[in-house]
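Asks: Here you go, sequence then predicted model.
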Amino acid sequence: MSASEDQRDVEQVLAGDVSQFEGIVRRWQGPLINLAYRFCRDRGRAEEMAQEAFLRAFRALAQWRKDAAFSTWLFALATNLYRSELKRIPARLSPLEEVGEIRDTRAIDGGLEDQDRDRSVRKAVYALPEKYREVLILFYFHEQDVPATARSLGLPEGTVKARLFRGREILRSKLQPVLAVPQLKEA
């Protein structure tokens with residue numbers, strides 16, 4: 001995804017050519033739907049939330065100050081919208097305690113296949129308290145670094161680092177006995 005394409009499209013939209021917003025939507029629709037899905041775990045709701053994020057981005061386009069990448073601004077806007085939406089109508093999540101009971105009965109040694117392991121880890125992340133879940137989703141699933149995660153959530157970098165650390169510790173304690181999880185990448 002090209003920062004120069006984003007810059008060009010934003011400038012053209014602000015100059016009156018609203019059709020150029022289509023390029024922004026085309027580039028960022030998949031990532032915003034994926035982000036929304038990771039918050040709510042419902043594809044239809046994720047699509048609606050992403051659509052609302054694009055609508056808000058279009059209305060607030062002139063507020064992008066260009067001191068950060070357009071994608072960071074867009075993800076911050078979307079993340080804030082998704083957080084508000086989930087406070088209004090919470091997603092149905094499994095309690096973290098239920099995650100530790102997952103076993104693959106097909107494997108001879110009782111271990112999980114890679115796909116099952118990934119699914120279990122993701123389920124555990126989604127079951128974390130919101131403040132840990134959000135930073136882990138942006139940092140690991142969307143591969144944002146600490147500064148970008150901090151900007152997206154409107155938090156100090158130190159807070160993001162602390163939440164990453166605590167979220168990883170919670171996951172380790174729940175998943176280590178079940179999955180023999182290797183150490184997660186540190187921030």
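Replies: Done, it's in.

Asks: which stretches of the chain have low pLDDT?
Replies: The chain contains residues with pLDDT under 70 at 1, 91-115, 177-187.

Asks: rerun at 50
Replies: Along the chain, the parts satisfying pLDDT under 50 run over 99-109, 112, 181.

Asks: Can you give the domain ranges for it?
Replies: Domain assignment for the chain, taken from automatic domain parsing, gives 3-88, 96-179.

Asks: What distance do you get for residue 53 to residue 35?
Replies: Look at residue 53 and residue 35: by Cβ to Cβ, to the nearest Å, they are 9 Å apart. To be clear about C-beta, it is placed using only N, CA and C from the backbone, and glycine gets the same treatment.

Asks: Pull up the overlap in contacts between those two.
Replies: The contact sets of residue 53 and residue 35 overlap at 78, 82 (Cβ atoms under 8 Å, 6 or more residues apart in numbering).

Asks: Which parts of the protein are helices?
Replies: Remark: helices assigned in the chain by DSSP state H are 3-14, 21-40, 43-59, 70-88, 96-99, 114-127, 130-136, 146-153, 157-179.

Asks: need the ones you listed in TSV with mean neighbour count, can you?
Replies: TSV is the format used below for the helices of the chain (neighbours: other Cβ atoms under 10 Å):
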stretch	mean neighbour count
helix 3-14	15
helix 21-40	18
helix 43-59	16
helix 70-88	19
helix 96-99	15
helix 114-127	16
helix 130-136	20
helix 146-153	21
helix 157-179	17
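
Asks: Count the residues that sit near residue 89.
Replies: By other Cβ atoms under 10 Å, 8 other residues sit near residue 89.
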